[in-house]
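In: Below are the sequence and a predicted model; questions follow.
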Amino acid sequence: MWYHKPVINKELLQSLPNLKIVASSGVGIDHLDLNLLSSYGVKVSNTPFVVSTDTADLGMALMLASSRRLVEGYEMAVSPDTEYFPADWLGTEVSGATLGIVGMGTIGYKVAERAKSFEMKILYHSRNQRKKEEESAVGAVYCKKIDDLLQQSDFVLLAVTLTPQTHKLIGKRELELMKPTATLINISRGLVVDQDALVEALQNKIIKAAALDVTYPEPLPRDHPLLKLKNVIITPHIGSATKKTRRVMMEEMSESIHAGLADLPIPHEVL
Amino acid sequence: LSKKVQAIYLWWHKPVIDQELLQSLPNLKVIANSGVGMDHLDLKLVASFGVKMANAPHAVSSSTADTGMALLLASARRLVEVYHIAISSNMDYCEADILGVEVAGATLGIIGMGNIGYKIALRAKAFEMNILYHNRTRRKAQEEQAVGATYCEKIDSLLQQADFVMVVVSLTPQTHSLIGKRELELMKPTATLINISRGAVVDQEALVMALQTGVIRAAALDVTYPEPLPRDHPLLKLKNVIVTPHLGIKTDKATYMITEEAVENILAALNGLPIPNEVLPS
């Protein structure tokens, strides 16, 4: 399945008596009811690690584009009304700033590796603390309380899986803890953020800007305020959207399907 | 008033330093430039009036390197294109139309390995890129090893192998139109050109042709000639081009640091002390 289609519900499962496996693209499986599938004896697979690098790259791309006002700058550069580039038009520096990573799995860690080369100060909050060697390799400091991370970060990047615990992890309270000069970057799932609270926070300058590869729903209704705010960059869930990665994902999904149909152990099975 | 002026702090090439101005300021001792590029100054002319010159090389390097990476990533992942798709009133798009190219494992060719070029190499290494570089002089072995960069004595070798070509040279008579028809044709048809140096380092007409005919995949330009481009210029209309308004050093932090560097230079000159970042006509 690609992009959560088709929707796997009881009706569909009942109508497909010989269904053996659902191979899902990407790493997230929040759109699947694993218990329901298991009850029908259907196996599930995903493509967990292949997406990590491209997604981390996109997180960095969004952080840089947002801080340096790339999209606005492009529009100024091409606009028919532009006569000169104003001298007082400035963005914010990424090098040397503080990045707070929420969720330090494979993707979060790859973001940290990249951010380190920009001489960023790295804080992270995660269910589990990483090993000391892993922390020192990227110079990351663990924040047991998310509040500490939120209060100190210039950039807050969300790289968690969507679970009942991370649903609306970033709400009004969390946004208010962030610096008014901070930027929120979301490469996880739309539902990790309370979208209405985010709109308010952006409109009232509680935080400075947001860059979102994911929203809820996807795509957003065309009249949604997030699409109109000047301090927001939205991309259409392109975290893993490179030719090479998509090809590898397809190959992994085919492998899982073949194994599932042959009753062999399934690579990347989700239990 | 003109007799009182001892120092000029140049911000974005203004004021224009010509014979007339220099003659009208008899007590001018120093011109401090904001930023590192000095191509807009006639160094010999200024020196002939006994006026010293200085630039601000250190304050610019991180922000400009960041800009280079921002453009590389934005171009590879088609950020500007897909942003417009994401916010457009019509969300009809084909999945295949929003696929970008991978950065990890790709080859970055850096032309010009000075302060800025080296900072780019440091960042690109973290993105698991394979790094080639071409420079007037070769870097020390330890510097090369620290970023895993391979020296290409001939620019052709770099151009033929790179997936991303990043131009980071100063503009001099030698680098004027450094990237022209010949160089673009040596590049892979899947390659991207990123220019954060000066517009005149690239033969713009040749670039337009190359982009229109698929000789190279895409370009991302923070600098053009002139700036801004005329509003009907083809570069502004090509889908595979990102143009940004020379925002290389335009951050709060960088402009502050540049001003600090310039003030240091000016104070040193006015006090007859050695100027930290003096630029001599060569």
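Out: Done, it's in. The model shown is predicted, which means the values in this text are computed figures rather than measured ones. Numbers count the residues shown, from 1 in each chain, chains lettered A, B, ... in the order given.
In: Would you confirm that A:V193 contacts A:L184?
Out: Yes: at 7.4 Å, A:V193 counts as touching A:L184 under the criterion of Cβ atoms under 8 Å. Glycine gets a C-beta too; all of them are placed from N, C-alpha and C.
In: Give me the common contacts of the two.
Out: A:158, A:170 (Cβ atoms under 8 Å, 6 or more residues apart in numbering or on different chains).
In: Give me the domain ranges for chain A.
Out: Recorded structural domains for chain A (assignment: the TED database) are A:10-49+A:242-262, A:51-234.
In: B:A219: which element?
Out: strand B:218-221 (DSSP states H and E).
In: And the helices in chain A, which stretches?
Out: Remark: helices assigned in chain A by DSSP state H are A:10-15, A:34-39, A:52-67, A:70-78, A:106-117, A:132-138, A:146-152, A:172-177, A:195-203, A:243-261.
In: which residues are in contact with the first one?
Out: It stands for helix A:10-15. In this structure, residues lying in contact with helix A:10-15 by Cβ under 8 Å, 6+ apart are A:6, A:19, A:36-37, A:40, A:42.
In: which stretch among the domains of chain A comes nearest B:N55?
Out: Proximity to B:N55 (Cβ to Cβ) singles out domain A:51-234 among the domains of chain A, at 17.6 Å.
In: Could you pull up the contacting residues of the residue positioned nearest the centre of chain A?
Out: The residue lying closest to the centre of chain A (Cα atoms, centre = their mean) is A:I187, at 1.4 Å. Contact analysis of A:I187 by Cβ under 8 Å, 6+ apart lists A:55, A:58-59, A:62, A:107, A:157-159, A:213-214, A:239.
In: So it versus chain B, what's the distance?
Out: 12 Å (Cβ to the nearest Cβ, to the nearest Å).
In: so what's A:V192 up against?
Out: With Cβ under 8 Å, 6+ apart, A:V192 has these contacts: A:158, A:160, A:162, A:166-170, A:186.
In: Tabulate the residues you listed (CSV), appending pLDDT.
Out: Listed next are those as CSV, based on pLDDT from 0 to 100:
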residue, pLDDT
A:L158, 98
A:V160, 97
A:L162, 95
A:T166, 97
A:H167, 98
A:K168, 98
A:L169, 98
A:I170, 98
A:N186, 98
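In: quick one: which of those residues sit in strands?
Out: Secondary structure from DSSP state E places A:158, A:186 of the contacts of A:V192 in strands.
In: can you name the two of the contacts of A:V192 that are farthest apart?
Out: A:H167 and A:N186 (13.5 Å).
In: Okay, now stretch B:39-56: how far is its last residue from its first?
Out: Using Cα to Cα, to the nearest Å, the end-to-end distance of stretch B:39-56 comes out at 14 Å.
In: Stretch A:165-176 now?
Out: 20 Å.
In: neighbour count winner among A:H167 and A:N186?
Out: Legend: neighbour count by other Cβ atoms under 10 Å in any protein chain shown for A:H167 and A:N186, higher for A:N186 (25 against 14).
In: partners of that one in the sheet?
Out: Beta bridges link A:N186 to A:L158, A:L212, judged by DSSP bridges.
In: For B:K52, see how far away it is.
Out: 51 Å (Cβ to Cβ, to the nearest Å).
In: hmm, back to that, single out the most deeply packed of the domains of chain A.
Out: Among these, ranked by average contacts under mean count of other Cβ atoms under 10 Å in any protein chain shown, first place goes to domain A:51-234 (a mean of 20).
In: I'd like to know which of the helices of chain A is closest to B:D18.
Out: helix A:70-78 (28.3 Å).
In: relative orientation of the closest one and helix A:52-67 in degrees?
Out: Per axes from the mean of the first three to the mean of the last three Cα atoms, to 10 degrees, the angle that helix A:70-78 makes with helix A:52-67 is 60 degrees.
In: Is helix A:70-78 positioned near chain B?
Out: Yes: interface with chain B: helix A:70-78 contributes A:70-71, A:73-74, A:76-78 (Cβ under 8 Å from any Cβ of the partner chain).
In: want to throw the residues you listed into a markdown table with pLDDT and distance to B:I116?
Out: Shown next, in a markdown table, are the residues of helix A:70-78 next to chain B (pLDDT from 0 to 100; distance: Cβ to Cβ, whole Å):
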| residue | pLDDT | distance to B:I116 |
| --- | --- | --- |
| A:L70 | 98 | 18 |
| A:V71 | 97 | 23 |
| A:G73 | 97 | 19 |
| A:Y74 | 97 | 21 |
| A:M76 | 97 | 23 |
| A:A77 | 97 | 21 |
| A:V78 | 97 | 25 |
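In: which two from the residues you listed end up farthest apart in space?
Out: Farthest pair in those (Cβ to Cβ) is A:L70 and A:V78. Separation: 12.6 Å.
In: Which residues are in contact with B:A76?
Out: Counting by Cβ under 8 Å, 6+ apart, B:A76 makes contact with A:57, A:61, A:242, B:100-103, B:106, B:164, B:192.
In: To clarify, my last question referred to A:E255.
Out: Here A:E255 is in contact with A:P267 (Cβ under 8 Å, 6+ apart).
In: ditto for A:I8
Out: Counting by Cβ under 8 Å, 6+ apart, the residues that A:I8 touches are A:1, A:22, A:32-33, A:36-37.
In: ok, is the strand or helix carrying B:Q142 in contact with chain A or not?
Out: According to DSSP H and E, B:Q142 maps onto helix B:141-147. No: Helix B:141-147 lies out of reach of chain A by Cβ under 8 Å from any Cβ, never closer than 9.5 Å.
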